[in-house]
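S.K.: just the structure for this:
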Amino acid sequence: MFYKALAPGCIGHGVSFADAAGLAAQYGFEGYWFDAGLDFVGDPDKVKALLDRHGLRAAGFGLPVEFRMGDDIYKEGMAKLPALLDFAEKIGAARCATWIMPAHNSLCFEENFELHRGRLQPAAKMLEDRGMLFGLEFVGPKKSRLRAKHEFIYDLDGMLGLCGTIGTKNCGILMDAWHWHMAGQVFDDFDKFTSPDLIACVHIMDAPLNIPDDEQEDSVRRLPGATGVIHIDEFFAGLAKIGYEGPVLAEPFEKFLSKITFEDALRITKASIDKVWPE
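M.R.: Residues are numbered from 1 along each chain as shown. Down below sits the predicted model:
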């Protein structure tokens with residue numbers, strides 16, 4: 001069964017693991033999604049001990065490489081990646097994920113595809129060598145891909161195609177309920193997952209009422225279960241159908257959460273997850 005994990009950044013707080021671990025456990029989270037740049041410093045044994053003390057799983061971490069910009073920035077990130085992956089391996093974090101922008105101002109589809117394949121393949125191979133899954137997130141809303149000249153991957157088929165071209169056995173999807181819905185995916189699309197390991201991580205949330213899907217803004221969301229626009233019951237049923245057993249994070253982008261204390265934001269978020277969680 002999949003499990004509830006916390007990522008402070010997903011609820012508007014840049015809190016370190018050291019400061020968040022106790023509250024995460026107190027409010028019933030079972031895992032923690034790390035910010036590698038913030039948390040993968042110092043002694044990994046101390047991080048592992050803190051995980052163990054609070055009964056938390058190392059759910060995973062975001063790819064700490066900026067691959068969307070110039071070569072120098074990309075190469076700098078890749079040079080630092082092995083040490084960060086060593087840290088992740090020592091604390092038991094075996095899932096990594098990142099997102100893919102659905103459009104580009106200067107690169108046509110074919111050029112952008114080759115850029116992503118070429119830049120993500122080395123990272124995917126490093127992760128594979130350490131037994132780690134690598135999830136790529138497609139960005140589904142139509143308005144998100146209208147902001148740049150050239151459309152790129154924005155749905156499940158396209159992202160599975162990129163994963164296949166990258167060619168490693170660990171490359172799959174970061175499954176986001178918002179993007180799943182906005183890209184027009186349906187329950188039967190879960191049949192395209194031939195293994196639960198094709199999903200590295202899951203995000204849940206809801207969407208505002210009375211806005212057509214094509215007009216939804218990616219940055220304007222709601223807490224899970226707030227409106228019922230996102231068919232979260234069906235989404236969870238699909239995850240269960242394919243046997244997914246990884247972390248589930250709330251990513252509501254609710255602005256008010258960043259303006260209240262971290263503990264209050266955590267408490268409200270956990271209550272919203274509990275509201276929609278399958279029995």
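S.K.: next, the buried residues of stretch 62-71.
M.R.: 62-65, 67 (16 or more other Cβ atoms under 10 Å). Placement of C-beta: from N, CA and C, glycine included.
S.K.: revised request: answer the last question for stretch 133-153.
M.R.: Buried, per 16+ other Cβ under 10 Å, within stretch 133-153: 133-142, 144-145, 148, 152-153.
S.K.: among the residues you listed, which are in helices?
M.R.: If you go by DSSP state H, the buried residues of stretch 133-153 have 142, 144-145 in helices.
S.K.: lowest average confidence, helix or strand, in this protein?
M.R.: helix 142-145 (a mean of 94; mean pLDDT, DSSP states H and E).
S.K.: need the residues that contact that helix.
M.R.: Contact with helix 142-145 is made by 102-103, 139, 151-152, 154, 182, 213-218, as judged by Cβ atoms under 8 Å, 6 or more residues apart in numbering.
S.K.: name the residues that touch stretch 217-236?
M.R.: Outside stretch 217-236, the residues that reach it (Cβ under 8 Å, 6+ apart) are 139, 141, 143-144, 177-178, 180-182, 187, 204-209, 250-254, 268-269, 272-273, 275-278.
S.K.: cutoff 7 Å now
M.R.: 139, 141, 143-144, 177-178, 180-181, 187, 204-209, 250, 252-254, 269, 272-273, 275-276, 278 (Cβ atoms under 7 Å, 6 or more residues apart in numbering).
S.K.: now swap in stretch 16-34 and tell me
M.R.: Residues outside stretch 16-34 that contact it (Cβ under 7 Å, 6+ apart) are 3-8, 38-40, 47, 50, 54-61, 93, 247, 249, 263, 266-267, 270.
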